[in-house]
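Peer 1: build the 3D model from these lines:
(one chain, ligands or ions: 1)
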Amino acid sequence: MHDQELLQERAKLIERNKELTCLYEIAKIAADTGKPFPEVLRAILAVLPPAFQHPDKTGARITVGDLTFATEGFAASPHTIREALIIHGRSQGAIEVVYRRAIDTGDHFLPEERELLKTIARQSALMIEKKLANDKQLELESQLRHADRLAKIGQLTAGVAHELNEPLASILGFAQLAVKKIDSSEVAAGYLDRIIHACLHARETIRKMMLFSSPMPHHKAEVDLNQLIAEGMSFIEPRFAQSGIRFECAFDPDLPTIIADAAQITQVLVNLVINAIHAMPAGGTLTLKTVAVPDKARMIVQDTGIGMDAQTIDQIFLPFFTTKDVDQGTGLGLSVVHGIVAAHCGTIDVQSQQGQGAAFIITLPAYGEKQAQ
Ligand code: ADP
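Peer 2: Have a look, this model is predicted:
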């Protein structure tokens, strides 16, 4: 009898030790703030079965929002205990523990185990809450850093463009004067033509650099984005057939008007569409959509092309960033788009994955909302 009691005490101590180890492991996971969110969930999952009486027969599943992870071979079982994960005061998921096969003892989960799962769910919910807040903060900081970096590059680009513009204008002007002073049959006339040609090319690059550094809209007027897109596309549309591209349009008839420089917004559209065409060398579908959102008008340019990885997306708005061949891209198209959209107090979102196409979402304030000064 005495031995029996000792054995029971020993078994209880072993169980208690397992519980404490589990809680210690959860605390360790919480302390490692650098882990990506799915890794955190997987780590919580891994410490669950060993904390129960029959680890080899125990499965576990954790669900948060649309993320679900389960231990290998997890299957629904009548022997299940479940605790909700209360995050920000709302049930946003659950932790479940199951016995895969019926346990002979009949008493499937000990009261201590039920309590333990409650504690684990509470601790995990707290940890997830902190983790989500932390991730959001990091994302905001990274967006701010990105915006700040672009603004600094914008200032630098504007400075360089301005400094180059003056001497370039002189070179171009004098070359044009000189070419008039000499006979067109002279060899030097050919050289001067080349100088003029190179100057015009450089002037175009400088113009784009200036557009990147937040250009002021010159001719602001009330603009119907649907109409502007329809007109802009009528020039580009003939290119689609020869490139094997299907063109689809979905205009929101309730789109509010915007106050904008129509020429600049057309430039945004053209740059995005040209990129979409380049991204679909084997053909595909280009979709242009407009959507009314509260106090804003949205334009979406979507393609089914090669798409981009996260590292590329991070750099696309930098002037001179290009993944195209030297004669195909200057890396200024999206910098110009960024500059123009920023000058119109708008935002650009990019959704893309390698091989899955890309969508550029431009959102501009509706007429009457805050506009560029
Ligand atoms: P460029 O087109 O001259 O390279 P951009 O600034 O317009 O310059 O674009 C920068 C880069 O962004 C491109 O080289 C390409 O890698 C990427 N990119 C832009 N639009 C798309 C798109 N629709 N699909 C895939 N990649 C794109």
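
Peer 1: around the ligand, which positions in the stretch 101-250 of the chain sit nearby?
Peer 2: Neighbours of the ligand within the stretch 101-250 of the chain, by Cβ under 6 Å from any ligand atom: none found. Heads up, the C-betas are built off the backbone N, CA and C, glycines and all.

Peer 1: quick one: the strands in the stretch 101-250 of the chain, in order.
Peer 2: Along the stretch 101-250 of the chain, counting by DSSP state E, counting those that start in this stretch, strands occupy 220-223, 245-250.

Peer 1: want to throw those strands into CSV with mean neighbour count and mean pLDDT?
Peer 2: Putting the strands of the stretch 101-250 of the chain into CSV (neighbours: other Cβ atoms under 10 Å; pLDDT from 0 to 100) gives the following:
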stretch, mean neighbour count, mean pLDDT
strand 220-223, 14, 92
strand 245-250, 14, 94
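
Peer 1: which one of the ones you listed lies nearest to Thr33?
Peer 2: When the strands of the stretch 101-250 of the chain are compared by Cβ to Cβ, strand 245-250 sits nearest Thr33, at 42.9 Å.

Peer 1: counting contacts, what elements does that closest one pack onto?
Peer 2: Packed against strand 245-250 by the contact rule (3 or more Cβ pairs under 8 Å, 6 or more residues apart in numbering; DSSP states H and E) you find helix 225-236, helix 238-243, strand 284-293.

Peer 1: what strands line up against the last one, and which way round?
Peer 2: Partner strands for strand 284-293, per DSSP bridges, with pairing direction: strand 245-250 (parallel), strand 296-303 (antiparallel).

Peer 1: need those strands in CSV with distance to Thr285, can you?
Peer 2: Below are the strands paired with strand 284-293 laid out as CSV (distance: least, Cβ to Cβ, whole Å):
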stretch, distance to Thr285
strand 245-250, 5
strand 296-303, 7
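
Peer 1: any idea which helix or strand carries the spatially closest residue to Ala51 that is not a sequence neighbour?
Peer 2: Spatial nearest neighbour of Ala51, chain neighbours left out: Cys22 (3.5 Å); criterion: Cβ to Cβ, 6 or more residues apart in numbering. Applying DSSP states H and E as the criterion places Cys22 in helix 2-31.

Peer 1: for that helix, the averaged confidence score.
Peer 2: On average, the pLDDT along helix 2-31 is 86.

Peer 1: in the next helix or strand after it, what's buried?
Peer 2: The C-terminal neighbour of helix 2-31 among helices and strands, as given by DSSP H and E, is helix 37-47. Residues Val40, Leu41, Arg42, Ala43, Ile44, Leu45, Val47 are the ones in helix 37-47 that count as buried (16 or more other Cβ atoms under 10 Å).

Peer 1: name the element the spatially closest residue to the third one that is not a sequence neighbour belongs to?
Peer 2: Counting by Cβ to Cβ, 6+ apart, Phe69 is the residue found nearest to Arg42 once chain neighbours are left out, at 5.5 Å. With the criterion set as DSSP H and E, the secondary-structure element containing Phe69 is strand 67-70.

Peer 1: direction included, what does that strand pair up with?
Peer 2: Here strand 67-70 has these sheet partners by DSSP bridges: strand 58-64 (antiparallel).

Peer 1: could you export the partner strand as PDB, CA atoms only?
Peer 2: C-alpha atoms of strand 58-64 as PDB (Å, rounded to 0.1, in the frame of the first residue of the first chain):
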ATOM      1  CA  THR A  58      -1.300  12.800 -28.500                       C
ATOM      2  CA  GLY A  59      -1.900  15.100 -31.400                       C
ATOM      3  CA  ALA A  60      -2.300  18.900 -31.400                       C
ATOM      4  CA  ARG A  61      -3.600  21.600 -33.700                       C
ATOM      5  CA  ILE A  62      -3.300  25.300 -33.500                       C
ATOM      6  CA  THR A  63      -5.400  27.700 -35.600                       C
ATOM      7  CA  VAL A  64      -5.000  31.500 -35.700                       C
END
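
Peer 1: pLDDT weak spots in the stretch 1-150 of the chain?
Peer 2: Along the stretch 1-150 of the chain, the model assigns pLDDT under 70 to residues 1, 101-107.
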